[in-house]
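Student: Sequence first, predicted model second:
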Amino acid sequence: MITYKKSGVDIDKASKLVSWIKKISPKIGKFSGLFPIDKKRFISASCDGVGTKLKIAQFLNKHDTIGIDLVAMNVNDIICCGAKPLFFLDYFACGNLDLKIAKDVIKGIRVGCQQAGCELLGGETAEMPGFYKPGEYDLAGFAVGIVDREKVIDGSKIKHGDLIIGLPSNGLHSNGFSLVRKIFSEKEIRKFGDELLNPTRIYVKNIHSLLTTRHSLITGISHITGGGFYDNIVRILPKNCKAIIHNNSWTVPDIFKIIQDKGKIEDKEMYRTFNMGIGMVLIVRSPKFKFQRLLKNSIVIGEIVKDKRGVEII
């Protein structure tokens, strides 16, 4: 049996680091940080990358969608607190600059910004000979948004009886690729390459539109990224609130089943590593039919119950 830890990624160790950072900087821990700019508004900020999905893009020499992933990983975090993304900046680092690769990446970033309705405001291109192998590069992104103080969504209003709504993902998005690379051969990476490189879905416009008309009914938003369901949903839950997820309420895309079968991976490990076909979760108070009508392809995947804070998948 292969685990994420055996592939080189130790989620528990990363969680310990976050817990330590919280002690010296108590305001971190949500999907994006909030900073007051006046008595009525906060700016929201996020920083993220796309992980070793870059290795897949570089191996297949396909670089035109990885920039969309970069934007998505940041703006999807921004919308979790109810903020509207305003602008985005990128950091592109390489050993020696390949103009075609860099242009393809930046074109993707531009497309991602258009999908999110924000501006590509600037960035940094760092050429560092000897630091990266030929053809290798790394990416980081930074997004800033804005939200009215009274419209911040922080999970504090979640209570038992709330419904959990799932929004379908576009495949693996940008998590779990170290495990994928451990399991798949180069031949298999080529075979499934297009599916592996499907860009992360950007949920900003749909969710922001919903927030404009149904804000009072949304009590929490969680981006299903690294840590999967277990480590992301719990981040927004108050004490005495437990999220129950019914894993038979949606159809898990075949690519996840292929990965699980090939690696002989346990269910819990899969749901803690991958999004399993659900890229974003909303916790809501309204009857489910309203949200299924307002959010295309949304699915009721669970509910909040009164119990010890946590996530259970049944």
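Tutor: Received it, and whenever you're ready, just let me know what you need.
Student: Is Cys94 in contact with Pro129, as I believe?
Tutor: No - taking contacts as CB atoms under 8 Å, Cys94 lies outside contact range of Pro129: 9.3 Å. Quick note: C-beta positions are derived from backbone N, CA and C, even for glycine.
Student: So between the two, which is more surrounded?
Tutor: When neighbours are counted by other CB atoms under 10 Å, Cys94 and Pro129 differ, and Cys94 comes out ahead with 23 against 8.
Student: Pull up the per-residue confidence for Arg214.
Tutor: We have a pLDDT of 87 for Arg214.
Student: Tell me which residues of the helix or strand hosting it come out buried.
Tutor: Secondary structure assigned from DSSP states H and E places Arg214 in helix 204-214. Within helix 204-214, the residues scored as buried using 16 or more other CB atoms under 10 Å are Val204, Asn206, Ile207, His208, Leu210, Leu211, Arg214.
Student: which other helices and strands contact that helix?
Tutor: When contacts are defined as 3 or more CB pairs under 8 Å, 6 or more residues apart in numbering; DSSP states H and E, helix 204-214 packs onto helix 66-78, strand 84-94, helix 99-116, strand 218-223, helix 288-294.
Student: which stretches of the chain form helices?
Tutor: For the chain, the helices defined by DSSP state H occupy 11-24, 53-60, 66-78, 99-116, 177-183, 186-191, 193-196, 204-214, 228-233, 254-263, 267-273, 288-294.
Student: comparing the ones you listed, which gets the lowest mean pLDDT score?
Tutor: When the helices of the chain are compared by mean pLDDT, helix 11-24 comes last with a mean of 63.
Student: and Lys205, what is it in contact with?
Tutor: Contact analysis of Lys205 by CB atoms under 8 Å, 6 or more residues apart in numbering lists Gln115, Ala116, Gly117.
Student: What is the burial count for the residue nearest to the first one when sequence neighbours are not counted?
Tutor: Spelled out, that is Gln115. In this structure, Gln115 finds its nearest non-sequential neighbour in Ile202, 4.4 Å apart by CB to CB, 6 or more residues apart in numbering. The number of residues packed near Ile202 is 28, by other CB under 10 Å.
Student: Check the gap between Ile202 and Phe59 for me.
Tutor: 25 Å (CB to CB, to the nearest Å).
Student: hmm, back to that, distance to Val305 added to the helices and strands packed on helix 204-214, as CSV?
Tutor: Formatted as CSV, these follow (distance: least, CB to CB, whole Å):
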stretch, distance to Val305
helix 66-78, 26
strand 84-94, 32
helix 99-116, 34
strand 218-223, 14
helix 288-294, 16
